[in-house]
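Colleague: fold the following for me, if possible:
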Amino acid sequence: MGMFLVRRLVNYVVLIFLASSFAYLLAATTLQPRAYFEQRQPPPSQEAIEAQLNDLNLNDEVPLAQRYGVWVSGVMQGDFGQTIKDQSVNEEMSRKAGVTLRLITVGAVLGCAVGISVGAYAAVRQYKRFDRYSTWAAFIVLSVPTVVIAVSLQVGAVWINDLTGTQMLQYGGEYTAGLDAGFWGTLLDRLQHALLPTLTLTISLFAAFARYQRNMMLDVLGADYVRTAMAKGLTRRKALFKHALRTALIPTITYFTFTFGVLLAGTTFTEKIYGWHGMGAWVVDSIVQNDVNAVAAVTCFMAVCVMAASFLSDILYAWLDPRVRVS
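Modeller: Model prediction:
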């Protein structure tokens, strides 16, 4: 098991480097940092523009290979360079990464847990009322983009707040600016602001996992080893949890890796809609501002998140499947 995980980890490090490099090269060839400076008011001189572009390693007149070499050498030392506004990319990333990680971690855990639970129970109750209702709900959510879910929850929050005459549901920003309510008051305020964005991601992820887990569970419910376990004296509930569900979770763990990328894409829209200043919102702003270094840094962060999710799924896969432990 140890060598299996080490091999996977080495592969992920290589993939992160390749993904970040491709992102930098694509951004460096398509974005136009020069236009950002030329559109300033009052317009700076051409000499000032050239000097600024050279300082930031963004001059399109410098060969791409040379710019890439400078960028890679900095990244190898843990320095992602400067933003187009001449701010440290590392400092910006350290502030915004925590925002995104809080959002995707809670959203992923809740979405997976709810989806797996609903899907497994729907399989056990196949063609019963719960199975039909959960199937309808899952298909409705799957047919609706994340951005529509986020906006719909915002509209619902406004309606509920107007109906109750309170601000129970917060739908803008990470916290209330200038609030001085002590530790518990501040914590409650942040939880109120985090409720709707987290619910958006949870709903989006729940539907995919519910359908997938239901299908995987149905494949194992009639397996010989489940019937044998019950024949040896295990109750149906214990046989389903200990044998059927554990086996059905193996392909679901692998599926988690593929859905995590979709979750990150949904986080980008969610952050912009709810006014969260995380990595998703930053990459959108960076593309608009032609900020090559910031786009590459965000891509590296997202690649690390996807690979971390993949590595976690490898650990869970090895734990669920005894065959991997001797590989």
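
Colleague: what separates Phe206 from Gly119, distance-wise?
Modeller: Here Phe206 is placed at a distance of 9 Å from Gly119 (Cβ to Cβ, to the nearest Å). (C-beta placed from N, C-alpha, C; glycine too.)

Colleague: who has more neighbours out of those two?
Modeller: Using other Cβ atoms under 10 Å as the criterion, Phe206 and Gly119 rank with Gly119 on top: 29 against 25.

Colleague: contact partners for the more buried one?
Modeller: Contacts for Gly119 (Cβ atoms under 8 Å, 6 or more residues apart in numbering) come out as 134, 209-217.

Colleague: any idea which element it lies in?
Modeller: Using DSSP states H and E, Gly119 falls within helix 89-124.

Colleague: continuing past that helix, what's the next helix or strand?
Modeller: The helix or strand immediately downstream of helix 89-124 is helix 129-142, counting by DSSP H and E.

Colleague: so what secondary structure elements neighbour that next one?
Modeller: Judged by 3 or more Cβ pairs under 8 Å, 6 or more residues apart in numbering; DSSP states H and E, the packing partners of helix 129-142 are helix 89-124, helix 182-221.

Colleague: tell me which helix or strand comes right after that helix.
Modeller: Following helix 129-142 in sequence, per DSSP H and E, is helix 146-164.

Colleague: now that following helix against helix 182-221, angle please.
Modeller: Using axes from the mean of the first three to the mean of the last three Cα atoms, to 10 degrees, the direction of helix 146-164 lies 130 degrees away from that of helix 182-221.

Colleague: kindly calculate the angle that helix 146-164 makes with helix 129-142.
Modeller: Going by the same axes, to 10 degrees, helix 146-164 makes 110 degrees with helix 129-142.

Colleague: pull the residues that contact helix 146-164.
Modeller: Contacts with helix 146-164, where a contact means Cβ under 8 Å, 6+ apart, come from 141, 167-171, 196-197, 199-201, 203-204, 265-266, 269-270, 273-274.

Colleague: distance check, the nearest residue to Ala157 once chain neighbours are set aside against Tyr121.
Modeller: Of all residues not flanking Ala157 in the chain, Leu169 sits nearest, at 3.8 Å (Cβ to Cβ, 6 or more residues apart in numbering). Leu169 sits 29 Å away from Tyr121, taking Cβ to Cβ as the criterion.
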